[in-house]
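1. below is the structure, and that's it, no one-letter string:
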Ligand code: ATP
C-alpha cells in the first residue's frame, strides 16, 4: 500500500532534555496508528512535529511522498494537509457547530452539503445551530472530529481526544470514532496512554518510551509477543517467572514450557511472560499445586489470584478463566500453562 506518512530519524531536544530520539515510522493509506506511551514520553511532541507546530532538530518527514520537513525545508502547518483534534477545547466558542465544521473549507466547499454530511457521519445531524457550550464533552469531540475530517486532510492527528471524558463515554466514543475514520478512509494517528484505547482503535500500535519507538506492530502482536517486559506490562496484565531456557524449552515452576519462536532468547537464565488467560486452573494433581487466594467473578470470566509455592519459590499469580467453574478461597488446585511463552534474557 502507498505510504501516506513517512518519518525518518526524527530527533527533538528541549535544552538538555531529549523529547524524541531517532523516531522513524511509516503509515500507509487508510491506516489508523495508536501512539501508546506513558506521560511525558514524547507523544505530543511527535504529533506537533508532524503537524508542523514544532520543528525537529533533524530527520525527514514525508507526507504523500513529499518532504514537508528536512534539512532544507519546513512547510508551514496550514500547507501540510493535516486535521488536528486536540485533547479538548478544539472548537471556536463564538461559532456554532456548523460554522466550526465549515471553518477549514473553501468557499466552494461551503456551498455544498459537506458540513451536513460530516455532522451526519459523527452522529450530530440536526445540531448545526448549537453553540459549543451547549454541547456535552463527547458531542464537542465529535464536532472537533467532523471539523478535522471536513477538508479531507491527508492525515488526521488525534491527541488524547477522549482524555477529558468519563470512562463510559470514552468507551462508546472509541468505537464511533474508529468507524468514522474508517468510513472517511482517513489515515490517522491517535495519541493515548491507555492500552485498551490503543488496542481497540488502531490497526497498528507504536509503543513509545523516553522518546524512542520500542515496538510497532498490530495489536495482537504487541499483546502476545511484546518486545520486552516493560511493553508486556504496559499493554496488559502479565505474570513474570524465573526460568532456565535450553533448546527453546523453559524450565520453570510449571515444568517444561515451549518458548515462542519469536523470542530472540539464547540459552540460560530467563524471565518468562505469561498472560493471565494462558493459565488453566484444574483439579489438584492436574498441574503445579496452588492455593486460591481470591476469586472475582465477572460473569463472562473470573480473575483468580493464586499462591504458588514450589521448591524454594513463592509467588502470587493471576489467572483469568472462562466459564462457570468457581473456586473457593483456600481451595487447592492444579495450575498449568497453555501454549508457548515469551522469554526474555534475565
Ligand atoms: P502526556 O501524555 O503527559 O501529554 P507526552 O508523551 O505527550 O506526555 P510530550 O508532551 O511530548 O509528552 O513531552 C515530552 C517531554 O518534552 C516532556 O518531558 C516535556 O516536559 C518536554 N517538553 C515538551 N514540550 C516542551 C517545551 N516546549 N519546552 C520544554 N520541554 C518540553
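-> Structure's in. What do you need? These numbers were taken from a predicted model, which means no experiment stands behind them.

2. residues contacting residue 143?
-> Residue 143 sits next to 91, 97, 100-101, 119, 122, 124, 132, 135 when contact means Cβ atoms under 8 Å, 6 or more residues apart in numbering. Just so you know, the C-beta spots here come from the backbone N, C-alpha and C atoms, and that holds for glycine as well.

3. closest one to the ligand out of these, please.
-> residue 91 (20.3 Å; Cβ to the nearest ligand atom).

4. hang on, the closest one packs against residue 139?
-> No. Using Cβ atoms under 8 Å, residue 91 is not in contact with residue 139; the gap is 10.1 Å.

5. compare those two and say which is more crowded by neighbours.
-> residue 91 (22 against 19; other Cβ atoms under 10 Å).

6. name the nearest residue to the more buried one, ignoring sequence neighbours.
-> Setting aside the residues directly before and after it, residue 91 is nearest to residue 132 in space (Cβ to Cβ, 6 or more residues apart in numbering), at 4.3 Å.

7. what stretches of the stretch 101-250 of the chain score poorly on pLDDT?
-> Counting by pLDDT under 70, the stretch 101-250 of the chain contains no low-confidence range.

8. from it, which residue is nearest to the ligand?
-> Closest point on the stretch 101-250 of the chain to the ligand, by Cβ to the nearest ligand atom, is residue 193, at 5.3 Å.

9. tell me which residue lies farthest from the centre of the chain.
-> residue 285 (39.7 Å; Cα atoms, centre = their mean).

10. that residue and residue 295, how far apart?
-> Using Cβ to Cβ, to the nearest Å, we find residue 285 at a distance of 20 Å from residue 295.

11. residue contacts, the residue farthest from the centre of the chain?
-> Residues in contact with residue 285 (Cβ under 8 Å, 6+ apart) are residue 334.

12. narrow the contacts of residue 143 to those in helices?
-> 97, 100-101, 119 (DSSP state H).

13. tell me which parts of the chain are close to the ligand?
-> 14, 17, 19, 37, 39-45, 193 (Cβ under 6 Å from any ligand atom).

14. which ones among the residues you listed lie within helices?
-> Short answer: those in helices (DSSP H) are 43-45.

15. for those residues, which one is nearest residue 335?
-> Set against residue 335, the nearest of these by Cβ to Cβ is residue 43 (38.1 Å).

16. what's the closest non-adjacent residue to that closest one?
-> residue 191 (4.4 Å).

17. quick one: the one you found is in a strand?
-> Yes. Looking at residue 191 with DSSP: H, G, I helix; E, B strand; the rest coil, it is inside a strand.

18. distance of it from residue 211?
-> For residue 191, the distance to residue 211 - Cβ to Cβ - is 14 Å.

19. same question for residue 196.
-> Taken as Cβ to Cβ, the span from residue 196 to residue 211 is 24 Å.

20. which one's more surrounded, those two?
-> Between residue 196 and residue 211, counting by other Cβ under 10 Å, residue 211 is the more crowded of the two (23 against 13).

21. tell me the bridge partners for residue 206.
-> Beta-bridge partners recorded for residue 206 (DSSP bridges): residue 35, residue 216.

22. that one and residue 36 touch, don't they?
-> Yes. Applying Cβ under 8 Å, one finds residue 206 in contact with residue 36, separated by 6.9 Å.
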